[in-house]
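1. missing the sequence, but the structure's below:
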């Protein structure tokens, strides 16, 4: 099972805005590995579901965000690249 995924920022932002608009207080993030279903291959993805503090028995599922096509290349670049704190932005 993978522990990281690279997704498109604008798609992630849009999905997070949907979660905020729902009035949710909590969100569950799940990374789903590449799957083969009925001979079709589905890429790795990030799936979200959320709920309100007052309704933890009612969860909203959001569509998956697929990993970017050049994820392996970006993962390699991230390992070799310099990192800086977000405090410097």
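-> Cool, the structure landed. Since this is a predicted model, take the numbers as computed values, not measurements.

2. Select the longest helix from the protein.
-> Assignment by DSSP state H gives helix 9-21 as the longest helix of the chain.

3. any idea of the mean pLDDT for that helix?
-> Taken as a whole, helix 9-21 has an average pLDDT of 97.

4. C-terminal to it, what's the next element?
-> strand 26-32 (DSSP states H and E).

5. Summarise which helices and strands that following strand is packed against.
-> Judged by 3 or more C-beta pairs under 8 Å, 6 or more residues apart in numbering; DSSP states H and E, strand 26-32 is in contact with strand 45-51. For glycine as for every other residue, the C-beta is placed from the backbone atoms N, C-alpha and C.

6. Provide the strand pairings for the strand it packs on, with the direction of each partner.
-> Under the criterion DSSP bridges, strand 45-51 sits next to strand 26-32 (antiparallel), strand 60-66 (antiparallel) in its sheet.

7. What's the separation between the residue nearest to residue 63 when sequence neighbours are not counted and residue 31?
-> The spatially closest residue to residue 63, leaving aside those adjacent along the chain, is residue 15, at 7.6 Å (C-beta to C-beta, 6 or more residues apart in numbering). In this view, residue 15 and residue 31 are 14 Å apart by C-beta to C-beta, to the nearest Å.

8. quick one: which of these two has more around it?
-> The neighbour count for residue 15 versus residue 31, taken as other C-beta atoms under 10 Å, is higher for residue 15 (19 against 15).

9. which regions of the protein lie under the pLDDT threshold?
-> For the chain, no stretch is flagged by pLDDT under 70.

10. how does it look with 80?
-> Scanning the chain for pLDDT under 80 picks out 1, 88-89.

11. and the closest residue to residue 58 other than its chain neighbours, how far is that from residue 63?
-> Counting by C-beta to C-beta, 6+ apart, residue 58 lies nearest to residue 51, which is 6.1 Å off, once chain neighbours are set aside. Separation of residue 51 from residue 63 (C-beta to C-beta): 17 Å.
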